[in-house]
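> Structure for the following, please:
(one chain, ligands or ions: 2)
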Amino acid sequence: MENGAAPTAKPVIVAIDGPSGTGKSSTSKAVAAQLGLSYLDTGAQYRAITWWMVTNGIDLEDPTAIAAVAGKPEIVSGTDPAAPAITVDGVDVAGPIRTQEVTSKVSAVSAVPEVRARITELQRSLAAAAANGIVVEGRDIGTTVLPDADLKIFLTASPEARAARRSGELKGADVAATREALIKRDAADSSRKTSPLAKAGDAVEVDTTELTLAQVIECVVTLVEEKRAGK
Ligand SMILES: Nc1ncnc2c1ncn2[C@@H]1O[C@H](COP(=O)(O)OP(=O)(O)O)[C@@H](O)[C@H]1O
Ligand SMILES: Nc1ccn([C@@H]2O[C@H](COP(=O)(O)OP(=O)(O)O)[C@@H](O)[C@H]2O)c(=O)n1
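Numbers count the residues shown, from 1 in each chain. Ligands and ions are numbered 1, 2, ... in the order given. The predicted model follows:
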């Protein structure tokens, strides 16, 4: 049994998408823990493959060079919301994937179709293996990875709120610079050709600008419970 929870009638698949700093990771982890579901941070997977490319000196300005090695690193993601884990070729990269360097380069790597095909396959197999169901968060989960998800949520928040949240995390980083970096990354993620950041037509949009994290979690838990009851 996953996460020590009692088995539910049917596995429930929840897709949570949105730009950076809207609360996807915090909300997804808490919802999964509360409901006894697995949890997958797909951004961590794109960060992990980017970390491997940086570490191995791949030219990230050359999509052909990225595509040529996209199949090389072995990326393993844990799906326990209480202890999210990620390794590349057996190395724990949970810390190194959060550096400024990886954050500034991840959009170039994640735009390459060969990278997306590889990571999408991993995501689908992890979702299929989750006995109680799973909360999967990212940019293209509702549109591309799991288009048949039981529930799709698209989180938004103003750039100012998102930058303030991220600067708080980065211990006093300049809010204006953080805001510019977020906007630049959102633009790159939204404009790429292959599965861009986008709201699925059937996703429920939740603007978290004026909501506390606890309110967002409660809102999503209620939506999941309503879906489960209707099954
Ligand atoms: N509704 C909210 N109000 C205030 N802070 C929030 C809210 N949601 C998330 N946060 C905080 O903002 C930061 C970014 O949240 P995170 O879940 O990592 O966002 P994302 O995964 O969308 O990038 C975290 O420090 C988190 O605690
Ligand atoms: N499903 C996903 C998830 C992330 N990504 C890429 O991975 C990057 C990092 O995602 P993340 O969720 O860790 O980013 P933050 O919200 O933590 O800033 C994004 O900027 C995208 O380039 C993606 O392309 N598709």
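> alpha carbons only for contacts and neighbour counts from here, please
Will do.
> F154 belongs to a strand?
Yes. F154: assigned to a strand according to DSSP: H, G, I helix; E, B strand; the rest coil.
> Wait, it touches K199, no?
Yes. Counting by Cα atoms under 8 Å, F154 touches K199, with 6.0 Å between them.
> Next, show the common contact partners of those two.
Common neighbours of F154 and K199, counting by Cα atoms under 8 Å, 6 or more residues apart in numbering, are 17-18.
> Point out where this structure drops to low pLDDT.
Across the chain, the ranges flagged by pLDDT under 70 are 1-9, 170-173, 231.
> OK, contacts around the most centrally placed residue in it?
The chain has G138 as the residue nearest its centroid, 2.9 Å off, counting by Cα atoms, centre = their mean. Counting by Cα under 8 Å, 6+ apart, G138 touches 15-18, 24, 41-43.
> Pull out the buried residues from stretch 92-106.
Using 16 or more other Cα atoms under 10 Å as the test for burial, stretch 92-106 gives 93, 97, 102-103, 105-106.
> Tally up the residues packed near C219, please.
Close neighbours of C219, defined as other Cα atoms under 10 Å, add up to 14.
> mind listing the helices in this structure by residue range?
According to DSSP state H, the chain carries its helices in the segments 24-35, 42-55, 63-69, 100-110, 113-129, 159-169, 175-191, 213-229.
> farthest-separated two in the buried residues of stretch 92-106?
Greatest spacing in those, by Cα to Cα: V93 and K105 (15.9 Å).
> From I58, how far off is A65?
Here A65 is placed at a distance of 7 Å from I58 (Cα to Cα, to the nearest Å).
> which one of the two has more residues nearby?
Per other Cα under 10 Å, whichever of A65 and I58 has more neighbours is I58, with 16 against 13.
> Kindly report the residues of the chain close to ligand 1.
Within reach of ligand 1 by Cα under 6 Å from any ligand atom, the chain has these residues: 20-26, 165-166, 169, 208, 211-213.
> Can you tell me which of those are buried?
Buried members of these, counted by 16+ other Cα under 10 Å: 20-25, 165-166, 208, 213.
> I'd like the helices of the chain as JSON lines, with distance to T143 appended.
Formatted as JSON lines, the helices of the chain follow (distance: least, Cα to Cα, whole Å):
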{"stretch": "helix 24-35", "distance to T143": "16"}
{"stretch": "helix 42-55", "distance to T143": "14"}
{"stretch": "helix 63-69", "distance to T143": "23"}
{"stretch": "helix 100-110", "distance to T143": "16"}
{"stretch": "helix 113-129", "distance to T143": "12"}
{"stretch": "helix 159-169", "distance to T143": "23"}
{"stretch": "helix 175-191", "distance to T143": "13"}
{"stretch": "helix 213-229", "distance to T143": "18"}
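> Just tell me which of these ends up closest to A82.
The closest of the helices of the chain to A82 is helix 24-35. By Cα to Cα, the value is 6.8 Å.
> Just name whatever secondary elements that closest one is in contact with.
strand 12-17, strand 38-41, strand 133-138, helix 213-229 (3 or more Cα pairs under 8 Å, 6 or more residues apart in numbering; DSSP states H and E).
> closest one to ligand 2 among the ones you listed?
Nearest to ligand 2, of all these, is strand 133-138, at 3.6 Å by Cα to the nearest ligand atom.
> and the closest one with ligand 2, contact?
Yes. Using Cα under 6 Å from any ligand atom, we find that strand 133-138 touches ligand 2 at G138.
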